[in-house]
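J.: Take this sequence and fold it.
(one chain, ligands or ions: 3)
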Amino acid sequence: MSNVVITGAQWGDEGKGKIVDLLTEDADYIVRYQGGHNAGHTVVIGDKEFILHLIPSGILRPGKKCVIGNGVVIDPHALLAEIDGLNEKGIEIRDNFFISGRAHIIMPYHRAIEKESEKLKGSLRIGTTGRGIGPSYADKIARVGIRIVDLIDREVFREKLRINLQEMNYFLERLYGVKGFVLDDVYHEYMGYAEKLRGFVADTALLLDRAIGEGKNILFEGAQGTHLDVDHGTYPYVTSSNATSGGACTGSGVGPTKIDKVLGVVKAYTTRVGSGPFPTELKDSTGEYLRERGREYGATTGRPRRCGWFDALATSYAAKVNGFTQMAITKLDVLDDLEEIKICVGYRYNGKRYDEMPSELKVLEGCEPVYESMEGWRASTSGISKYEALPHKAKRYIERVKELIGIEIDIISTGFRRDETILLRKIF
Ligand code: GDP
Ligand code: IMO
Ligand code: MG
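T.: Ligands and ions are numbered 1, 2, ... in the order given. Okay, here's the model as predicted:
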């Protein structure tokens with residue numbers, strides 16, 4: 001029996017979905033613990049591509065149990081649409097799926113407030129996914145949020161909604177000058193969702209505690225990445241939850257003594273969507289090459305992802321704040337055609353050299369990366385599933401990443417399909 005947390009080591013889109021799907025084979029429960037439908041996790045099985053937003057990627061393997069923990073914010077409409085979409089593709093979602101009654105919900109006023117607030121910020125906007133994630137978490141922390149258990153209790157829901165709308169409509173109408181929401185309209189819309197979701201609601205902390213007692217394997221599926229974490233990321237250009245491994249405990253109700261391993265998923269280069277500092281960003285033809293070759297377009301919003309070299313400072317910071325016990329490196333094949341490959345091993349700012357990732361935004365925004373250069377292998381690694389079959393220079397790149405981060409690499413991904421993977425050590 002073992003319980004494994006999977007987290008992104010960079011700014012999201014590291015390929016967590018593919019790795020989760022792969023490891024689900026040996027897991028009994030797969031748990032999402034933070035974020036919401038801002039996430040987009042791509043899994044390719046045969047010739048079918050699935051993009052999961054809220055439902056754990058484990059749902060694609062029959063017989064596995066999937067849980068949305070208390071730390072997730074749920075847009076009921078988005079969740080029901082995702083369930084319908086999966087049902088249409090032949091994926092069953094019935095007694096294999098559980099939602100925490102303690103999870104908070106996203107309301108239409110959250111989306112509206114976020115839209116207006118981003119507009120107001122102008123060039124300082126975060127570049128959010130526009131899903132209402134931030135305002136929903138803000139309400140949770142301000143203790144005015146509405147939880148799933150509140151949604152499925154008509155009276156509680158109506159009363160909370162009535163009080164919240166007084167405040168929210170004031171902001172929308174008086175501050176932003178846009179239309180507010182009508183109590184009855186929102187109430188009736190959400191009562192429709194409540195009926196459809198009721199059957200999935202459970203005390204998932206108790207459910208997982210029981211599963212652990214029975215010796216089941218649990219896989220925790222992180223969304224976003226370390227540098228989008230509200231505490232450890234490039235604040236304020238972050239999401240509103242704890243995307244780091246600690247979030248797996250608070251966001252599921254499973255205590256830290258029950259976690260055995262933390263697997264960091266690392267892309268062989270770096271990408272970021274939305275605003276915020278990105279020291280190794282490439283705004284040239286190499287950046288363009290990575291975007292096209294790596295198909296770096298947002299799985300949720302379709303936005304082109306910003307691309308750049310692998311940043312050892314950002315990744316080793318992630319290794320520390322997450323407590324990585326091992327890593328998976330993805331998208332090695334995307335580097336196949338490059339003549340030269342760079343790794344950032346330091347930042348220089350105002351004459352000072354940084355060997356660890358600083359927290360000051362002005363340093364991250366204004367620094368010059370210090371690069372180590374390696375010769376590219378210029379051969380195809382696409383689909384390779386044996387370490388021995390990798391070109392010598394590709395192995396050297398992997399070895400160098402491992403050495404700089406100081407964590408073993410257990411998985412190397414060479415394509416988006418399940419079998420396009422080198423598994424060096426079993427995770428469960
Ligand atoms: P996530 O949010 O971390 O789950 O990652 P996304 O699904 O948003 O983005 C990762 C993209 O890379 C998806 O389109 C995957 O199908 C794809 N992908 C994952 N691993 C590999 C790989 O090793 N090679 C290639 N070429 N693509 C990969
Ligand atoms: P996965 O799970 C990449 C980014 C947004 C924006 C910032 C805040 O697929 O890796 P939000 O809507 O969360 O308030 O936006 O966070 N962002 C992501 N970037 N991958 C994601 O998820 C992301 N989820 C949010 O682009 O910069
Ligand atoms: Mg993604």
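
J.: contacts for the longest helix along the chain?
T.: Longest helix in the chain, counting residues (DSSP state H): helix 154-170. Taking Cβ atoms under 8 Å, 6 or more residues apart in numbering as the criterion, the residues outside helix 154-170 that touch it are 107, 109, 112-113, 139, 144, 146, 149-151, 180-181, 183, 186-187, 190-191, 194. For every residue, glycine as well, the C-beta is placed using N, CA and C.

J.: Please apply the same query to stretch 257-267.
T.: Stretch 257-267 has contacts (Cβ under 8 Å, 6+ apart) with 2-10, 13-16, 19, 23, 212, 220, 245, 248-249, 310, 315, 318-319, 322-331, 401, 405, 407, 410-411, 427.

J.: Filter those down to just the buried residues.
T.: Among the contacts of stretch 257-267, the ones that count as buried by 16 or more other Cβ atoms under 10 Å are 2-10, 13-16, 19, 23, 212, 220, 245, 248-249, 310, 315, 318-319, 322-331, 401, 405, 407, 410-411, 427.

J.: For this structure, give the strand that spans the most residues.
T.: The strand spanning the most residues in the chain, taking DSSP state E as the definition, is strand 340-349.

J.: helix or strand right after it?
T.: The first helix or strand that comes after strand 340-349 along the chain, using DSSP states H and E, is strand 352-354.

J.: and that following strand, which strands flank it?
T.: Partner strands for strand 352-354, per DSSP bridges, with pairing direction: strand 340-349 (antiparallel).

J.: Please spell out which residues along the partner strand are buried.
T.: 341-347, 349.

J.: possible to save those as JSON lines with distance to ligand 1 and pLDDT?
T.: Listed next are the buried residues of strand 340-349 as JSON lines, based on distance: Cβ to the nearest ligand atom, whole Å; pLDDT from 0 to 100:
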{"residue": "I341", "distance to ligand 1": "16", "pLDDT": "98"}
{"residue": "K342", "distance to ligand 1": "19", "pLDDT": "98"}
{"residue": "I343", "distance to ligand 1": "18", "pLDDT": "98"}
{"residue": "C344", "distance to ligand 1": "21", "pLDDT": "98"}
{"residue": "V345", "distance to ligand 1": "24", "pLDDT": "98"}
{"residue": "G346", "distance to ligand 1": "27", "pLDDT": "98"}
{"residue": "Y347", "distance to ligand 1": "25", "pLDDT": "98"}
{"residue": "Y349", "distance to ligand 1": "29", "pLDDT": "98"}
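
J.: what's the closest of these to ligand 3?
T.: Ligand 3 has its nearest neighbour among those in C344, at 22.3 Å by Cβ to the ion.

J.: so the closest one sits right up against T280, yeah?
T.: Yes - between C344 and T280 there is a contact under Cβ atoms under 8 Å: 4.8 Å.

J.: hey, what's in contact with both of these two?
T.: Common neighbours of C344 and T280 (Cβ under 8 Å, 6+ apart) are 309-311, 369.

J.: Mind putting those into CSV with secondary structure, distance to A379 and pLDDT?
T.: Output for the shared contacts of C344 and T280, formatted as CSV (DSSP: H, G, I helix; E, B strand; the rest coil; distance: Cβ to Cβ, whole Å; pLDDT from 0 to 100):
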residue, secondary structure, distance to A379, pLDDT
W309, coil, 20, 98
F310, strand, 19, 98
D311, strand, 25, 98
P369, strand, 27, 98
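
J.: Which two of those residues have the greatest separation?
T.: F310 and P369 (10.5 Å; Cβ to Cβ).

J.: Could you pull out the residues contacting both of the two?
T.: Taking Cβ under 8 Å, 6+ apart as the contact criterion, the common neighbours of F310 and P369 are 280, 344.

J.: so where do the strands sit in the stretch 1-150 of the chain?
T.: Per DSSP state E, counting those that start in this stretch, the stretch 1-150 of the chain has strands spanning 3-8, 29-32, 41-45, 48-52, 65-68, 73-74, 97-100, 104-105. These are given in chain order.

J.: The third one close to ligand 3?
T.: No - between strand 41-45 and ligand 3, judged by Cβ under 5 Å from the ion, nothing touches; the nearest distance is 5.6 Å.

J.: Measure how that strand sits relative to strand 48-52, angle-wise.
T.: Regarding strand 41-45 and strand 48-52, their directions subtend 160 degrees when assessed with axes from the mean of the first three to the mean of the last three Cα atoms, to 10 degrees.
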